[in-house]
Structures are given as C-alpha cells and as structure tokens.
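sequence and computational prediction follow.
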Amino acid sequence: MPVFVGTLIVVLLTLFLIYRCRVNVFIKFNIHPFNVDECDGEDMAFDAFVCCSGSDDQVARTIVQCLEHSEPDRVGYKVCYHARDFPLGAIITASIESAIEHSKRVICLMSNEFLRSSMCMLEFHVASNLNIERQKHRLIVIKWPDLDLDHDLDADNIKDRDSVRLFLSRYTYIEYGVDGWWQQVLYAMPINRLASGHHDN
C-alpha cells in the first residue's frame, strides 16, 4: 500500500509538472500534452480567423502566410483573413460573425490601433462572448508590447478597453515579439487541421 501511494504521488507530480510546462514540452518535442480536439462535431470552415487593424495588415499577412505554409512536411492551417477572404459586397458584420462562429480559433492582433478600431473591437467582443457562451477558450490574443489601455480614453472606448483589460487579466495571452512567441501561437492552434484532411463536421 505505501508503495502504491508513493507511486501515485510521483505520477501525479509528474503530470502536474508536465501541465505547468506544457508549452515548453510542445516547443521541444512538438507534442500537445493534455490537449484534445474540443471542436469535434462542430461545423467548422476554418482553423483560424485572423483579425487586426489596417495598420497591422502586413504583420497579419505574415502570420497568415506562416500558418498556411510554415511547416514543409505538413499541409498548413486553413485560415480566414478578412482583407483577403471576405466576399465583395457582403455585409461586413455578418461576415465577421460567420467567420468567428465557424473558426476553431480567433487570433486578435491587439495593438493600440486595434483598440481604436470599432470593427476590430466588434471582432474581439464577438469572439470573447462566444468563449463565454461555449465555455471554451478559443480566442488567441497576441498583444503588442506597447499596448496602452489608458491612453486617449474617452466615453466611447472606456468600456471596450475595460473589457480588454479584464480579458488580459483572466486569460493567457501572447506577447508579440518575445522569445518563443511564435511557438506559443502554434501551441494554441487546434490539433486537427481542416486543411490537412481532419474535419470536425
């Protein structure tokens, strides 16, 4: 009995340490410990929807390109990017809601320009509310190092910034440009890729 209890404690401690270091485990060994495909059975069209302000378009296009083509031995992720993929003449709010609803992940490039954009904040709120509704963390926030939640505050965006501040205090986010930030993005992406033939619908 004491041997069994001791073994159980060792196993539990090992699992706890792996969980605490799961991103580093992914970076080193390219495996997703403890992760499952939480979108199984849902009608998904994209692995990710990328949203950003117009001034961050080049960064967003680079991220999209890397997600779609960064791994030579694998087919990339299926990504929706509004500036490229939304149909011409479509109602923009309807396209945003549909893209978020049918994407496994939503990636927000959280810069100061993002905060000033009403369209970007709409995307953030829709994705954040869907997280709460489904009780699943699918919103990936890549935060710019110079993000200032207290600058240029006015009555129109205080509530928006408060909601961003609350999100950043409650959930893990990725700091753009720091060592390992891209590996953190890849870790946060879904395991089964639509583009590689793994479909959830």
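Good, I have the coordinates. Residues are numbered from 1 along each chain as shown.

tell me which residues touch the residue nearest the centre of the chain, please.
Of all residues in the chain, the one closest to the mean position by CA atoms, centre = their mean is residue 140, 2.2 Å from it. Applying CB atoms under 8 Å, 6 or more residues apart in numbering to residue 140 gives the contacts 48, 105-108, 174, 185, 188-189. Just so you know, the C-beta spots here come from the backbone N, C-alpha and C atoms, and that holds for glycine as well.

next one: phi and psi at it?
phi -100, psi 120 (degrees, to the nearest 10).

so what sits opposite it in the bridge?
Counting by DSSP bridges, residue 140 is bridged to residue 107.

any idea how far residue 106 is from it?
7 Å (CB to CB, to the nearest Å).

between these two, what contacts are shared?
residue 48.

state the number of residues packed around residue 143.
Burial of residue 143 is recorded as 19 neighbouring residues (other CB atoms under 10 Å).

right, and it touches residue 175 too?
Yes. With contact defined as CB atoms under 8 Å, residue 143 reaches residue 175; the gap is 5.7 Å.

in three-state terms, label the residue nearest to residue 69 when sequence neighbours are not counted for me.
The shortest distance from residue 69 to any non-neighbouring residue, by CB to CB, 6 or more residues apart in numbering, is to residue 76 (5.2 Å). For residue 76, the secondary structure call by DSSP: H, G, I helix; E, B strand; the rest coil comes out as coil.

can you list the contacts of residue 140 in JSON lines and add pLDDT, distance to residue 82 and neighbour count?
As requested, the contacts of residue 140 are arranged in JSON lines below (pLDDT from 0 to 100; distance: CB to CB, whole Å; neighbours: other CB atoms under 10 Å):
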{"residue": "48", "pLDDT": "94", "distance to residue 82": "12", "neighbour count": "27"}
{"residue": "105", "pLDDT": "94", "distance to residue 82": "15", "neighbour count": "24"}
{"residue": "106", "pLDDT": "96", "distance to residue 82": "11", "neighbour count": "26"}
{"residue": "107", "pLDDT": "97", "distance to residue 82": "12", "neighbour count": "27"}
{"residue": "108", "pLDDT": "97", "distance to residue 82": "12", "neighbour count": "24"}
{"residue": "174", "pLDDT": "95", "distance to residue 82": "20", "neighbour count": "20"}
{"residue": "185", "pLDDT": "92", "distance to residue 82": "18", "neighbour count": "19"}
{"residue": "188", "pLDDT": "89", "distance to residue 82": "20", "neighbour count": "22"}
{"residue": "189", "pLDDT": "89", "distance to residue 82": "19", "neighbour count": "17"}
